[in-house]
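1. mind folding the following:
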Amino acid sequence: MPIPIVDSHIHLFPDSHLPSLAWYGPNSPLGSQHCVDEYRQATSSTPIISDSTKPLYLRGFIFIETDRLSSVEESGHGWKHVLDEVALLARVVRGEPIDGDQHRYVDRPPCLGIVPWAPVPGGAVVLERYVKKVKQAAETDDVWRKIRGVRYLVQDKPSGVMLQPEFIDGLKWLGRKQLTFDLGVDARQSGLWQLREAVEMMERVYEGVDEKDQVVMVINHLCKPNLRLPFASPESTTTHPDFLEWKTLVTAMARYPTAYMKLSGGFSELPPLSPAPEPDIKFLVERLHSWTDAVFDAFGPDRVMFGSDWPVCNLGGGGNDATWRRWRTVVEGVLERRGLSEEQRKGVWGKVALKAYGIEIEGL
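-> Okay, here's the model as predicted:
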């Protein structure tokens, strides 16, 4: 039986929107168009086949906000650019591009879900007002139904943001409204303190809340661990203090049944790959397996989902023509090494993402 892939983490932005990206600058390595056409090229440059008996095919993607210029308060241009992004995705879903969108409708991988930015630190009152604006930007019910959750990127924020009472209040509001929250922290570049703070934040968010009202928290990119630690053998990783603390904190995050982890972002944390020659996939799987084993041990295969982090993955993975295929092949190797059943693999490739984000697709 064919196995459908749901890519749980991609970003899209046309040239015309580059000035509205918070991280954009004249020398930005991602400072060019990355829209649906480029994604289609990245995912179709080589056959997406694992072997002759278990073909993989791309069923669609979940869009994650791209860190636009924004502020928690609406005043000025605080919400303008993030709502423009929602409008862009609405046009992608409807197949109605305008001048400057630079995407075509034909043969596009379908957008299965949208996770826009949201002013979570503003608390429930601000969030409720903002989400009404998102619904207006979506315009149609078909697009609004694809808004599955929100993200407020904390990896570049100062210490204490996640523990503010308004932030906790905002996350609890999301749970009551059946909206997910994508948690983006960065252990390698920002520090393990972010994971410590995230664990404390989760304790406060989930304490005393019935499971039906708990926010589904989708943790991005394995928490961006330091995959550049000196590697001589798996033991050189598993005895390193950074790994041991990362593993302890990730295991603490997994205590909550509505927390999920994305198997994504690896090429941003590993030493960079070149476009050619092809990398040694078996070696990459070996280098990753202590980290991926810790994630599967903590969350179980029913709470781990595949994601590419396209186009960010291109920076470390060898470029748009190679990276998506390479990461997919690495993940295949991880799942094979882990010894997952075919049903468990179907979960990681797509079903877990659909469950976490509350997406229903006929036949899946």
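2. C-alpha only now, for contacts and for neighbours.
-> OK.
3. what comes up buried for stretch 276-283?
-> residue 281 (16 or more other C-alpha atoms under 10 Å).
4. now do that stretch: distance to the chain's middle.
-> Remark: stretch 276-283 is offset 24 Å from the chain centroid, using C-alpha atoms, centre = their mean, to the nearest Å.
5. any low-confidence regions in the chain?
-> Across the chain, the ranges flagged by pLDDT under 70 are 45-54, 103-109.
6. go again using 90 as the cut-off
-> 1-2, 26, 36-37, 40, 44-57, 75-77, 94-110, 211, 232-234, 361-364 (pLDDT under 90).
7. that one: helices as residue ranges?
-> Ranges of helices in the chain, per DSSP state H, are 36-44, 80-94, 123-138, 141-144, 165-176, 193-206, 234-238, 241-253, 266-269, 281-299, 314-317, 323-338, 342-346, 352-357.
8. how far away from the center of its chain is the fourth one?
-> It refers to helix 141-144. The chain centre lies 21 Å from the centre of helix 141-144; the measure is C-alpha atoms, centre = their mean.
9. if we look at that helix, which residues are touching it?
-> For helix 141-144, the external contacting residues (C-alpha atoms under 8 Å, 6 or more residues apart in numbering) are 90, 93-94, 135, 138.
10. relative to residue 331, which of these is nearest.
-> residue 93 (28.0 Å; C-alpha to C-alpha).
11. you'd agree that closest one is up against residue 111?
-> Yes - with contact defined as C-alpha atoms under 8 Å, residue 93 reaches residue 111; the gap is 6.3 Å.
12. among the helices of the chain, which is nearest residue 18?
-> Residue 18 lies closest, by C-alpha to C-alpha, to one member of those: helix 80-94, at 10.6 Å.
13. give me the contact list for that closest one.
-> 20, 65, 68-70, 97, 101, 103, 105, 110-111, 114, 116-117, 133-134, 137-139, 143.
14. ChimeraX command to pick out the buried ones of the residues you listed?
-> Here is the ChimeraX command that selects the buried residues among these (16+ other C-alpha under 10 Å):
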select :20,65,68,69,70,97,101,103,105,110,111,114,116,117,134,137,138,143
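15. in strands only, show me the contacts of helix 80-94.
-> Cross-referencing those against strands under DSSP state E gives 111, 114.
16. export the contacts of helix 141-144 to a markdown table and tack on distance to residue 248?
-> Putting the contacts of helix 141-144 into a markdown table (distance: C-alpha to C-alpha, whole Å) gives the following:
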| residue | distance to residue 248 |
| --- | --- |
| 90 | 40 |
| 93 | 40 |
| 94 | 44 |
| 135 | 39 |
| 138 | 40 |
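17. between those residues, which is nearest residue 58?
-> For those, the nearest to residue 58 is residue 93 (16.6 Å; C-alpha to C-alpha).
18. how many other residues sit next to the closest one?
-> Neighbour count for residue 93, taken as other C-alpha atoms under 10 Å: 21.
19. for residue 6, see how far away it is.
-> Remark: distance between residue 93 and residue 6 (C-alpha to C-alpha, to the nearest Å) = 16 Å.
20. go on, residue 119?
-> Per C-alpha to C-alpha, residue 119 is found 27 Å from residue 6.
21. of those two, who's got more company?
-> A direct count of neighbours by other C-alpha under 10 Å for residue 119 and residue 6 places residue 6 higher, at 28 against 25.
22. who's in contact with that one?
-> Contacts of residue 6 by C-alpha under 8 Å, 6+ apart are 58-62, 306-307, 349-351, 353-354.
23. who's in contact with the residue lying closest to it once chain neighbours are set aside?
-> Spatial nearest neighbour of residue 6, excluding adjacent residues (C-alpha to C-alpha, 6 or more residues apart in numbering): residue 350 at 4.5 Å. Shown in contact with residue 350 (C-alpha under 8 Å, 6+ apart): 4-7, 305-306.
24. of all those, which two lie farthest apart?
-> Greatest spacing in the contacts of residue 350, by C-alpha to C-alpha: 4 and 305 (12.4 Å).
25. what residues are shared contacts of these two?
-> Both residue 4 and residue 305 are in contact with 349-350, where contact means C-alpha under 8 Å, 6+ apart.
26. so between those two, which is more surrounded?
-> Between residue 4 and residue 305, residue 305 has the larger neighbour count (other C-alpha under 10 Å), namely 29 against 18.
27. wait, the more buried one touches residue 346, no?
-> No - using C-alpha under 8 Å, residue 305 makes no contact with residue 346, being 9.7 Å away.
28. how close does residue 246 get to residue 321?
-> As judged by C-alpha to C-alpha, residue 246 and residue 321 stand 32 Å apart.
29. neighbour-wise, which of the two wins?
-> Per other C-alpha under 10 Å, whichever of residue 246 and residue 321 has more neighbours is residue 246, with 23 against 19.
30. hmm, the more buried one is touching residue 192, no?
-> Yes - in terms of C-alpha under 8 Å, residue 246 counts as a neighbour of residue 192; the distance is 7.0 Å.
31. put the alpha carbons of stretch 30-38 into CSV.
-> Below are the C-alpha coordinates for stretch 30-38, written out as CSV (Å, rounded to 0.1, in the frame of the first residue of the first chain):
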residue,chain,number,x,y,z
LEU,A,30,17.0,32.8,2.0
GLY,A,31,16.4,36.3,0.4
SER,A,32,14.6,35.2,-2.7
GLN,A,33,11.2,33.8,-3.7
HIS,A,34,10.2,30.5,-2.0
CYS,A,35,6.7,29.8,-3.0
VAL,A,36,4.6,26.9,-4.2
ASP,A,37,6.4,26.4,-7.5
GLU,A,38,9.8,26.2,-5.8
